[in-house]
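In: sequence first, then the predicted structure:
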Amino acid sequence: MRTLPLSLLLGAAVLAAGCGKKSSDPGKDTNTATRYDTGNPLTAPVDYLGSVAQAQRFSEKQIDIAYVTQAVQLFNAGEGRFPTSIQELVEQHYLGKMPDLPRGYQLDYNPATGEVKVVRK
């Protein structure tokens with residue numbers, strides 16, 4: 001007799017956890033690739049791992065931008081001009097090697113201004 005009320009209580013708890021109000025605000029900035037916060041406790045581990053992977057990709061891109069930007073500034077200080085390409089930084093030994101970007105991204109370099117960006121392919 002005890003298993004019936006316990007299973008009903010468990011079923012009600014699962015339904016209550018899944019019946020939350022979605023927090024999708026159309027006015028929010030949607031520039032981020034994916035939001036991993038569903039608010040559902042059953043998917044919390046998966047949401048957490050997705051957020052960690054997204055944060056890792058973002059930090060890798062930022063480190064690569066800083067690394068190449070510093071090399072461009074050193075080249076500009078030493079040579080008196082911006083390099084014509086990022087490959088010239090490697091040839092002149094201002095960069096040890098081209099940075100390994102996350103999959104689906106590439107470096108975008110503007111030789112007129114010396115600006116370095118990471119963009120999607």
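Out: Structure received.

In: run a quick neighbour tally on Leu89.
Out: 20 (other Cβ atoms under 10 Å). (C-beta placed from N, C-alpha, C; glycine too.)

In: in what helix or strand does the spatially closest residue to it that is not a sequence neighbour lie?
Out: In space, and not counting its chain neighbours, Leu89 is closest to Leu95: 4.3 Å by Cβ to Cβ, 6 or more residues apart in numbering. Counting by DSSP states H and E, there is no helix or strand that carries Leu95.

In: Leu95 against Val68, yeah?
Out: Yes. At 6.9 Å, Leu95 counts as touching Val68 under the criterion of Cβ atoms under 8 Å.

In: between these two, which contacts overlap?
Out: Contact criterion Cβ atoms under 8 Å, 6 or more residues apart in numbering; residues shared by Leu95 and Val68: 86, 89.

In: any chance you could map the helices in the protein?
Out: 3-18, 44-79, 86-91 (DSSP state H).

In: where does the protein have low pLDDT?
Out: Residue ranges of the chain with pLDDT under 70: 1-36.

In: so which residue is smack in the middle of the protein?
Out: Phe58 (3.1 Å; Cα atoms, centre = their mean).

In: contacts only, for that one.
Out: By Cβ under 8 Å, 6+ apart, the contact list for Phe58 is empty.

In: kindly report the same for Val90.
Out: 96-98.

In: repeat that for 7 Å
Out: 97-98 (Cβ atoms under 7 Å, 6 or more residues apart in numbering).

In: from Val52, how far off is it?
Out: Going from Val90 to Val52 by Cβ to Cβ, to the nearest Å gives 31 Å.

In: ditto for Phe82
Out: Noted for Phe82: a distance of 36 Å to Val52, by Cβ to Cβ.
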